[in-house]
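In: Structure for the following, please:
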Amino acid sequence: MTEPIHDPVHRVRYGFAPDGENMFVDAWVEPGGGLPEHFHPIQEEHWSVVEGEIRFRLDGRWRVLVPADRAVVVERGHRHALKSTGEREAHLRCHVIPALGLERFLTESAAAAQEGLFMHGGIPRNLRGARWAANFLKQHQQETVMTFPPRLMQRAMIAMLARSDGEDREPAWNR
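Out: Sure thing, here's the model as predicted:
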């Protein structure tokens, strides 16, 4: 398993272990931490609780999960989120099928959180954060889709702020 990376905004640490074309992701969720609602159009996830407890939302329904529960299967295209419920850190394990670019997604998101580019809820702190978010959403939209902000707003943000040629430059309207 890789050395865990920390996302201070979502209050989660991640470690990654390859499994052929798939991957295991261990997530340690601090009290008050969690992952915002999202879905994966071409991946399936199997979530289980190793230690502690977590509130898990799947297709609009919340339930509390503990180690004795069976793994929750999140099929492709199904919205899901999770939140810490306890006063202790919860340890979860997710089997991602196939892995694709999920490790890069989580690593880049954690690095941006460490830089302070966005706040809880994925809200950019400033124009630099908005540009980062637009490029991030554009790069990962085939595999991970956030449900907030709404897709229409995401598309507008990508159109206005995301780089189209790989250069890091100001949008034309801001020069």
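In: all contacts plus neighbour counts: C-alpha atoms, from now on.
Out: Fine.
In: buried ones in stretch 63-71?
Out: By 16 or more other C-alpha atoms under 10 Å, the buried positions in stretch 63-71 come out as 65-67, 71.
In: first to last residue in it, what's the distance?
Out: 13 Å (C-alpha to C-alpha, to the nearest Å).
In: ditto for stretch 44-57
Out: 15 Å.
In: And for stretch 84-93?
Out: End residues of stretch 84-93 are separated by 14 Å (C-alpha to C-alpha).
In: Please state the offset of it from the chain centre?
Out: 17 Å (C-alpha atoms, centre = their mean, to the nearest Å).
In: cool, stretch 64-78 as well?
Out: That offset, for stretch 64-78, works out to 16 Å (C-alpha atoms, centre = their mean).
In: any residues touching it, and which ones?
Out: Contact partners of stretch 64-78, identified using C-alpha atoms under 8 Å, 6 or more residues apart in numbering, comprise 39-56, 58-59, 80.
In: how about 10 Å then?
Out: 37-60, 80, 82-85, 90-97, 143-145 (C-alpha atoms under 10 Å, 6 or more residues apart in numbering).
In: cool, and stretch 1-13?
Out: With C-alpha under 10 Å, 6+ apart, stretch 1-13 has contacts from 14-18, 24-36, 83-84, 89-91, 106-122.
In: list the helices and strands the helix or strand of the chain with the lowest mean pLDDT packs on?
Out: Least confident helix or strand, the chain: helix 151-161 with a mean of 88, by mean pLDDT, DSSP states H and E. In terms of contacts (3 or more C-alpha pairs under 10 Å, 6 or more residues apart in numbering; DSSP states H and E), helix 151-161 is packed against helix 127-140, strand 145-146.
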